[in-house]
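Peer 1: Sharing a sequence plus its predicted fold:
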Amino acid sequence: TKLIADRLEGVKPSASGKASQRARELLAAGIDVISLATGEPDFDTPEHVIEAAIAAMRAGDTRYTSVGGTPALLRAVRTKFQRDNAIDYAPNEVMCAPGTKNLIFLALMATLNEGDEVIVPAPHWVSYTDMTRLVGGNPVVVPCSHNNGYKLDGASLEAAITPRTRWLMLNTPSNPTGAVYTPEDLLEIAEVLRRHPQVMLMSDEIYEHILFDGVKFHSFAAVAPDLKERTLTLSGVSKGYAMTGWRVGFAGGTAPLIAAMKEVLSQSSGSLCSISQAASVAALEGPQDYLAERSASFQARRDRLIPLLDAIPGLRCHRPQGAFYLFVECGGLFGLRTPAGTVLEKDADVAAFFLDEARVVVVAGAAYGLSPHVRLSIATSMEKLEEAAARMAAAVAKLS
Ligand code: PLP
């Protein structure tokens, strides 16, 4: 008999996780690498949030809580959805879990039967497809064109829907492209979904606070309130509040779906960390002004790095409007030979070349469902970004 269950066949470990791990290993071995692979802000968790966690521990807030979140956190989450997203959720329509990632898993686990389909517009966050497979569903990847800002259009959505479609995954601002859906973009999608009542929409809004150029964020359920019952709105403290390690995500959706997701949570991890929940209340209810300051800082890095990369022959940047990644077209390097003698043929070769020759860690676009690209995180200091660009330029100059 086999040790590992069949359901794990075809499920890949996260590509960005693998690249980050490789960077940690090289650093531990004393090799001077610059990692542009990670999906987390380089800022620290705000001081008042850390104080709230310490106070919670001292107050004995160290036990199991209700599955799905403490009353205080759920109150803060409902207020947050009203304040930031213009969506009203009733108390039984919200829940929390250890990360937005976990909430996506809970939702898929609670709703998908074997062979059900999940539409994933590409380029997409690496986990949507693998999580779908893990619970027995079929991801249906729909490529989105550069000409449409890498956003899903109504006609492509319509063509991908079948009677087996259960979910559309939508991610705004997007990892990896930084595309932000306008109300018009969202209404175009809503128009199609209205014709297909079997399809639900998962709106992954984890990067909602990281926005550039004065762009405004819009939640799907606020723009198309008639589809609120079919929408699961997801966000969390990880990216905006620089709290990736605290593991708190929140969801708003229809009561039966939230109840089913809590059921899965109660039989897997159970309640989430009590201390992290107290910290998240402080994050959501405390000052919000630093969110815009951090966005401005990411924007400055974007504006510094894009011209440096665009000046490298063979690379072409897309300009993100949010999140903290650059999704860089690298097909112009294909056919060239590295000093080690390899001919670059796919984006994984380009990522390996930048690691070997420039000691810069990037993630190959294939993992995001759209080649030929590499993804770079700009959640690193300006000095490191400049150094990385200089090393990449020097490495490309050695190609023949
Ligand atoms: N959704 C997207 C698009 C992400 O990029 C990430 C993290 O990389 C997550 C969800 C996971 O967030 P969390 O830390 O809340 O689990």
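Peer 2: Received the coordinates, thanks. These numbers come from a predicted model, not from an experiment.

Peer 1: Touching, Ala179 and Asp153? I think so.
Peer 2: No - look at Ala179 against Asp153 with C-beta atoms under 8 Å: they stay out of range, at 12.0 Å. The C-beta positions use only the backbone N, C-alpha and C, and glycine is treated the same way.

Peer 1: Compare those two and say which is more crowded by neighbours.
Peer 2: Shown here are Ala179 and Asp153; by other C-beta atoms under 10 Å, Ala179 has more neighbours (26 against 18).

Peer 1: check which helix or strand covers that one.
Peer 2: Under the criterion of DSSP states H and E, Ala179 resides outside all helices and strands.

Peer 1: ok, now the one 5 residues further on?
Peer 2: The secondary structure element spanning Glu184 is helix 183-194 (assigned by DSSP H and E).

Peer 1: next structured bit after that helix?
Peer 2: Next element after helix 183-194 (DSSP H and E): strand 200-204.

Peer 1: Kindly provide the distance from whatever residue of the stretch 301-400 of the chain ends up closest to the ligand to Arg58.
Peer 2: When distances are taken as C-beta to the nearest ligand atom, the stretch 301-400 of the chain reaches nearest to the ligand at Ala323, 7.6 Å away. Distance of Ala323 to Arg58, given as C-beta to C-beta, to the nearest Å: 36 Å.

Peer 1: Now do the phi/psi pair for the residue of the stretch 51-200 of the chain found nearest the ligand.
Peer 2: In the stretch 51-200 of the chain, no residue comes nearer to the ligand than Gly99, which is 2.8 Å away by C-beta to the nearest ligand atom. The phi and psi values for Gly99, taken as degrees, to the nearest 10, are phi 100, psi 150.

Peer 1: per-residue confidence at it?
Peer 2: Looking at Gly99, its pLDDT reads 97.

Peer 1: now swap in Asp116 and tell me
Peer 2: For Asp116, the model assigns a pLDDT of 98.

Peer 1: Surely Gly252 is in contact with Ala221?
Peer 2: Yes - with contact defined as C-beta under 8 Å, Gly252 counts as touching Ala221 (7.4 Å).

Peer 1: Residues that sit against both of these two, list them.
Peer 2: Counting by C-beta atoms under 8 Å, 6 or more residues apart in numbering, the contacts common to Gly252 and Ala221 are Ile87, Thr233.

Peer 1: how near is Val223 to Gln277?
Peer 2: According to C-beta to C-beta, Val223 and Gln277 sit 30 Å apart.

Peer 1: Looking at those two, which is more packed in?
Peer 2: Neighbour tally, Val223 and Gln277, criterion other C-beta under 10 Å: the higher count belongs to Gln277, 24 against 18.

Peer 1: any idea where the helices of this structure begin and end?
Peer 2: Secondary structure of the chain (DSSP state H): helices at 15-28, 47-58, 71-85, 100-111, 127-134, 154-160, 183-194, 220-223, 255-266, 274-285, 289-310, 347-353, 382-397.

Peer 1: who in the chain is up against the ligand?
Peer 2: Counting by C-beta under 6 Å from any ligand atom, the chain comes close to the ligand at 39, 99-101, 125, 171, 175, 204, 206, 236, 238, 244, 249.

Peer 1: Those: which two are farthest apart?
Peer 2: Asn171 and Thr244 (16.8 Å; C-beta to C-beta).

Peer 1: out of the two, which sits in the busier spot?
Peer 2: Higher neighbour count among Asn171 and Thr244: Asn171, with 25 against 16, using other C-beta under 10 Å.

Peer 1: show me what contacts the nearest residue to the more buried one once chain neighbours are set aside?
Peer 2: Spatial nearest neighbour of Asn171, chain neighbours left out: Asp204 (4.3 Å); criterion: C-beta to C-beta, 6 or more residues apart in numbering. Neighbouring residues of Asp204 by C-beta under 8 Å, 6+ apart: Thr100, Ile104, Trp125, Met169, Leu170, Asn171, Thr172, Leu234.

Peer 1: same deal with Phe298?
Peer 2: Applying C-beta under 8 Å, 6+ apart to Phe298 gives the contacts Ile210, Phe212, Phe324, Ile378, Ala379.

Peer 1: Count the residues that sit near the third one.
Peer 2: Applying other C-beta under 10 Å, we find 29 other residues in the vicinity of Phe324.

Peer 1: unless I'm mixing things up, it is touching His209, no?
Peer 2: No - in this structure Phe324 lies outside contact range of His209 using C-beta under 8 Å: 11.1 Å.

Peer 1: what do these two both touch?
Peer 2: Contact with both Phe324 and His209 is made by residues Lys239, according to C-beta under 8 Å, 6+ apart.

Peer 1: If you drop the residues flanking it in sequence, what lies closest to Asn85?
Peer 2: Distances taken as C-beta to C-beta, 6+ apart put Ser219 closest to Asn85, at 4.1 Å, once the chain neighbours are dropped.
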